[in-house]
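1. predicted model, plus sequence, below.
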Amino acid sequence: MKKGIVVVLAIFLCVSLAGVAMAQSATKAECIAKCHEAAEMLQKNKDAAIAEIGKKDGQFVWKDTYVFLVDFKGNMLAHPFKPELTKKGCLFEVTDKNPNKPKKIFVEFDKVAKSPKGEGWVQYMWPKPGEKKPSRKETYIYRVPGMDMYVGAGVYK
């Protein structure tokens, strides 16, 4: 009897923890919504939006992801966790962590942003925060209407 109760409790605990972990992962729908929200803010007040996107505790950081902002020249304009990227200049030479076929991720982001649709998903390999081994990541890119810049937010698969 005790063994059965322990098994039931263990199963309940595993299911509960899995639910908490899933609740902490951003969804693709959230990435799209946050990127559109950031773009609207950029159109209304560019300086305030750049400052907000760059805040670690700002409204564009949630669960396990965040929005970043890049101009069409490949310059990072705002990043909440790596503000030093705003000083690096053009990021077009940055490649993902795929050892077999590295992809220039900012070139890919730029292509999506400049496409007729102005939005879409880019898949690449990137380590999750705190890990060294790369995982598949998908980032939504959205061109800010009327501006030469785009926002992005991603999820790990």
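-> Everything's here; your move.

2. where does the chain dip in pLDDT?
-> 1-23 (pLDDT under 70).

3. can you do 90?
-> 1-24, 128-130, 157 (pLDDT under 90).

4. now do the helices in it.
-> For the chain, applying DSSP state H gives helices covering 2-23, 28-44, 46-53, 105-114.

5. residues of the last one that come out buried?
-> Of the residues in helix 105-114, those buried by neighbour count under the rule 16 or more other Cβ atoms under 10 Å are 105-106, 108-110, 112-113. Where C-beta positions appear, they are placed from N, C-alpha and C, glycine not excepted.

6. and these, which is closest to Lys128?
-> Ile105 (15.6 Å; Cβ to Cβ).

7. what's the closest of the buried residues of helix 105-114 to Ala39?
-> Ala113 (11.0 Å).

8. tell me the contacts of the closest residue to that closest one other than its chain neighbours?
-> Distances taken as Cβ to Cβ, 6 or more residues apart in numbering put Tyr150 closest to Ala113, at 3.7 Å, once the chain neighbours are dropped. Tyr150 makes contacts with 69-70, 72, 109-110, 112-113, 118, 141-144, as judged by Cβ atoms under 8 Å, 6 or more residues apart in numbering.

9. quick check: Tyr150 vs Lys101, distance?
-> 24 Å (Cβ to Cβ, to the nearest Å).

10. now, which of the contacts of Tyr150 sits nearest Cys35?
-> Of the contacts of Tyr150, the one sitting nearest to Cys35 (Cβ to Cβ) turns out to be Tyr142, at 4.2 Å.

11. you'd agree that closest one is up against Gly152?
-> Yes. Tyr142 is within contact range of Gly152, at 7.2 Å (criterion: Cβ atoms under 8 Å).
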